[in-house]
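Asks: coords below, sequence missing:
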């Protein structure tokens, strides 16, 4: 039986240590002074469904050409203009949602906690179809070639669903460990295949046409005496850069894999359930202690590590120009130099905390908080450098 509920959420968000003893949980670091060299300025804000962060569900928005689409746990879809934050649509689906928003400019896709995949028309806001799937959907549905929806379900299945009709074309079932983190990683697309990380620490390449497994490699092998120590989920975002896939697992490794052969180029010990972001020269990730790392993209060597946000539940680092950006459990948005990891700016967005990684859209940084507060920020060099603690 798949373990769910509050313990799993604590493991996932508050970063319980490997032994699973609550007495060993690390206290969050206090924020410290730094030399501010840049300022974050809010461009607009909007209030979306305040159930977005309930039960620490990871409901990621969908970024489109001119709008962003959010979903709340209680079943509301909202679309907002990217320039001014004006609300463009509000759709009540009257069902408990999970996972994230997927789709295209024309069709938006969401999964329900009761095991349904729902397609909504962006033009007239009607439900186009709804399809029953084996169990809850915890990852964003991903569209391949504008005709196939790739879906991960909580019971370990991967499905290929026809985008036009909602018919299930194929499914691939896998056996899950007894205990897993609550969440699944969304499939990553290439031209002819897709790649998905599993709860058992394995990474597979599959055909989106028929679900055939092309290759299957073990990123991490479970170790330890307790079920918590043996958690090796690949729940965070992987990223494809050219023909190399970068991926990280919980209680396991971070690695670069040649997707043409399914072979490791490099790998090193690491523990993360947030995933990676990749630039031309570095791989960025936050580990299970909320330390932020930059690794050499070619060999995995450490370029820098920032540990001053320890145990603050930081998101995956997101690349923004010459910086990386993370949110934390108290609602702070932190901006670091991506070259040396020093802090350059900070602002408190909302006291309820940030679970979803920031989203970059050109010059804007979009942030969605646990209580549904959506805001867009820009970053500019400070006119005057000051040494101060940046609390609002």
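Replies: Received the coordinates, thanks. Treat the numbers as computed from the prediction; the structure is a model and nothing was measured.

Asks: low pLDDT regions in this structure?
Replies: Confidence mapping of the chain against pLDDT under 70 gives the ranges 1-24, 50-57, 177-183, 224-226, 230, 384-392.

Asks: just the helices in it please.
Replies: Using DSSP state H, the helices of the chain run over 6-14.

Asks: how close does the closest residue in space to residue 72 that isn't next to it in sequence sit to residue 354?
Replies: By the measure of C-beta to C-beta, 6 or more residues apart in numbering, the closest residue to residue 72 outside its immediate chain neighbours is residue 49, 2.4 Å from it. Quick note: C-beta positions are derived from backbone N, CA and C, even for glycine. Plainly put, residue 49 is 16 Å away from residue 354 if you go by C-beta to C-beta, to the nearest Å.

Asks: who has more neighbours, these two?
Replies: Set side by side, residue 49 and residue 354 show unequal neighbour counts under other C-beta atoms under 10 Å, the larger going to residue 354 at 26 against 22.

Asks: wouldn't that one be in contact with residue 367 here?
Replies: Yes: when contacts are counted by C-beta atoms under 8 Å, residue 354 is listed as touching residue 367 (6.3 Å).

Asks: what's across from residue 366 in the sheet?
Replies: The bridge-partner assignment for residue 366, based on DSSP bridges, gives residue 359, residue 376.

Asks: wait, it sits on residue 70?
Replies: No: here residue 366 lies out of contact with residue 70, judged by C-beta under 8 Å, at a distance of 10.0 Å.

Asks: So for the two, which residues contact both of them?
Replies: Overlap between the neighbourhoods of residue 366 and residue 70 consists of 61, 374, taking contacts as C-beta atoms under 8 Å, 6 or more residues apart in numbering.

Asks: any residues in contact with both of residue 354 and residue 367?
Replies: When contacts are counted by C-beta under 8 Å, 6+ apart, residue 354 and residue 367 are jointly contacted by 327, 333.

Asks: Just to check, residue 351 is in contact with residue 328?
Replies: No: in this structure, residue 351 sits apart from residue 328 without contact. The criterion is C-beta under 8 Å, and the distance is 11.4 Å.

Asks: Now do the contacts for residue 293.
Replies: Under the criterion of C-beta under 8 Å, 6+ apart, the contact partners of residue 293 comprise 270, 284, 285, 286, 287, 302, 304, 305, 306.

Asks: who wins for neighbours among these?
Replies: residue 286 (29 neighbours).

Asks: Which residues are in contact with the residue nearest to residue 267 when sequence neighbours are not counted?
Replies: The spatially closest residue to residue 267, leaving aside those adjacent along the chain, is residue 255, at 3.7 Å (C-beta to C-beta, 6+ apart). Each residue near residue 255 by C-beta under 8 Å, 6+ apart is listed here: 219, 246, 247, 248, 264, 265, 266, 267, 268, 300.

Asks: and if we set it to 6 Å?
Replies: Counting by C-beta atoms under 6 Å, 6 or more residues apart in numbering, residue 255 touches 219, 247, 264, 267.

Asks: neighbours around residue 320, how many?
Replies: Residue neighbour count, defined by other C-beta under 10 Å, stands at 21 for residue 320.

Asks: got it, and residue 162?
Replies: Neighbouring residues of residue 162 were enumerated by other C-beta under 10 Å; the total is 14.

Asks: Residue 195 versus residue 338, what's the distance?
Replies: Applying C-beta to C-beta, the value for residue 338 to residue 195 is 25 Å.

Asks: Residue 248 too?
Replies: To residue 195, residue 248 is 13 Å away according to C-beta to C-beta.

Asks: So for the two, which residue has more residues nearby?
Replies: Set side by side, residue 248 and residue 195 show more neighbours around residue 248, with 30 against 22, by other C-beta under 10 Å.

Asks: Wait, that one touches residue 286, no?
Replies: No: the criterion here is C-beta atoms under 6 Å, and residue 248 misses it with residue 286 at 9.5 Å.

Asks: By neighbour count, which bits of stretch 314-322 are buried? Give me those.
Replies: By neighbour count on 16 or more other C-beta atoms under 10 Å, the buried set for stretch 314-322 is 314, 315, 316, 317, 318, 320.

Asks: ditto for stretch 76-88
Replies: For stretch 76-88, using 16+ other C-beta under 10 Å, the buried residues are 76, 77, 78, 79, 80, 82, 85.

Asks: The last one and residue 43 touch, don't they?
Replies: No: in this structure residue 85 lies outside contact range of residue 43 using C-beta under 6 Å: 7.6 Å.

Asks: Just give me the residues shared between the contact sets of the two.
Replies: When contacts are counted by C-beta under 6 Å, 6+ apart, the set common to residue 85 and residue 43 is empty.

Asks: circling back to that earlier point, would you point out the most distant pair within the buried residues of stretch 76-88?
Replies: With C-beta to C-beta as the measure, no two of these lie farther apart than 76 and 82, at 19.3 Å.

Asks: which of the residues in stretch 349-369 are buried?
Replies: Residues 349-350, 352-360, 364-369 are the ones in stretch 349-369 that count as buried (16+ other C-beta under 10 Å).

Asks: now the end-to-end length of it.
Replies: Across its full length, stretch 349-369 reaches 8 Å between end residues, using C-alpha to C-alpha, to the nearest Å.
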